[in-house]
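Q: what follows is a predicted protein model with its sequence.
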Amino acid sequence: MSRTDRTEWSDRRTERSERADRLAADSAIAADVKALMLAGDRDGARERFADLVASQQRRAVRLAYQYLRDAHDADEAVQDAFLKVFTHITSYREDLPFEVWFTRILVNACLDLRKARARRLRWVLPLERHPSADAAPPETADRERTTEDKLVSAVRVREIADAVDQLPERQRSVFMLCHFGGQTTSQVSETLGVSEATVRVHLFRAVRKLRRLLER
Amino acid sequence: MGRQAHLSDDRIIEVCLEGALSSTEELHLSACDECRVRRARLDRMLGEISDAAAVEADAAFPPEKLATQQARILQRIEQDGRPARVITFPATSAADLRPLRTRPAGRWIAAAAAAGLAIGLLAGHLAHDLPAFGRPTRTTMSRAAQPSRNAAASVHAVNATVNDEEFLGELESALSGPQLAVLRPLNELTPR
């Protein structure tokens, strides 16, 4: 094994270990919130729940945005998902990682919104696309990069987003949960309610298709 | 050892996704630059996809927007537990509505106005539906009166008198005509 491979392997192990710690910590907070709610301390539960929101929010927003491709809808889906989690926290099973349960609720919220949007759009005439709609989203932090770098990067981001959009629904879902949601195949199988073997097949096909699309 | 066949594309994907390698594959990868490069390229592509998604979402949700969202979530949770606020409907109080309820004089005036309008409409309708009455005679009379109207155009008072005379003449000829019987019911309706 080369030095690069060893470093890469070590990085992955650290990443996995950090992730496992975070999963356990979130599950512990969720169990606390549930206990507080069952004890009738709603205010205490709400305060503790704020920690859970802070921990899961960024990941939730990224996932919802990938599903919906619209900031307003993603915002709504994430808010609804957190609200639903709090309302039904007493039915949370501690033997399941909180993140898996939460992701399932979030995915359902996203799918519901997508359905609602499709129904709405059926009655709306398509507008001409504004040129700025095709432009890549603005870069966040690195202002020191050259304009050319930014442009190349923005074009690449757009290419990747288009390629992911071209995946069939199930493959896209599995790929997003694994790569953007950071879930394992076994967690994705629990989230989507399909067998782990099916998840692997979809993931494999998704990557094969993405490679074909992006390495042309 | 190093002579083993290259890893297939599909196997490379599996290796990238699951990271599990058999001992022979591990040996081959350590010896074969080509397969290592293929694996590294796919790894890079997957990393790039994840980064691109993160960049896109983070641009749409800057930290201040996340903070607003978090506050909104907690606010909604707080409101969710409270008993529902009862909103008065209609917004005006019962005291404001009372004067509207007790106004019999207004109602009578409205009813009288409606009745007057109905009678007027009926009368107009009846007058219109009698082609033999009024119009032909009036036309004739108008034509007959045309020169006198032109002659009196410069003096208003005279003009008014002439017009009144014309009108009365029309009435007289109408009353003396054969259609008088048709107007009887209308005449009976008219209060004296």
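A: Yes, it's here.

Q: C-alpha coordinates for stretch A:64-72, PDB please?
A: Only the C-alpha atoms of stretch A:64-72 are listed here, as PDB (Å, rounded to 0.1, in the frame of the first residue of the first chain):
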ATOM      1  CA  ALA A  64     -33.500  18.900   0.800                       C
ATOM      2  CA  TYR A  65     -32.000  21.300  -1.700                       C
ATOM      3  CA  GLN A  66     -30.700  18.400  -3.800                       C
ATOM      4  CA  TYR A  67     -34.200  16.900  -3.800                       C
ATOM      5  CA  LEU A  68     -36.100  20.000  -4.600                       C
ATOM      6  CA  ARG A  69     -33.600  22.300  -6.400                       C
ATOM      7  CA  ASP A  70     -35.400  25.300  -4.900                       C
ATOM      8  CA  ALA A  71     -34.300  27.200  -1.900                       C
ATOM      9  CA  HIS A  72     -37.800  28.200  -0.800                       C
END
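
Q: report the mean confidence score over it.
A: Regarding stretch A:64-72, the rounded mean pLDDT is 91.

Q: before we move on, what about stretch B:105-123?
A: Here stretch B:105-123 scores 90 as its mean pLDDT.

Q: what's next to it, contact-wise?
A: Stretch B:105-123 has contacts (Cβ atoms under 8 Å, 6 or more residues apart in numbering or on different chains) with B:186, B:189. Heads up, the C-betas are built off the backbone N, CA and C, glycines and all.

Q: could you find the closest non-adjacent residue to the residue most central in space within chain A?
A: With distances taken as Cα atoms, centre = their mean, the residue of chain A nearest its centroid is A:Leu63 (2.3 Å). Once flanking residues are discounted, A:Leu63 sits nearest to A:Gly181: 5.0 Å by Cβ to Cβ, 6 or more residues apart in numbering or on different chains.

Q: helices and strands of chain B: which one has the lowest mean pLDDT?
A: Lowest mean confidence among the helices and strands of chain B (mean pLDDT, DSSP states H and E): helix B:135-151, at a mean of 49.

Q: my bad, should have said chain A
A: None of the helices or strands of chain A scores lower by mean pLDDT, DSSP H and E than helix A:131-134, at a mean of 50.

Q: where does the prediction get shaky in chain A?
A: Residue ranges of chain A with pLDDT under 70: A:1-13, A:15-16, A:124-152, A:216.

Q: need the contact list for residue 73.
A: No chain in the question, so chain A it is. Contacts of A:Asp73 by Cβ under 8 Å, 6+ apart are A:64, A:113, A:117.

Q: other chain: chain B
A: Residues in contact with B:Ile73, defined by Cβ under 8 Å, 6+ apart, are A:53, A:78-79, A:82-83.

Q: for A:Lys209, same thing?
A: Neighbour list for A:Lys209: A:166-167, A:171 [criterion: Cβ under 8 Å, 6+ apart].

Q: understood, closing this out.
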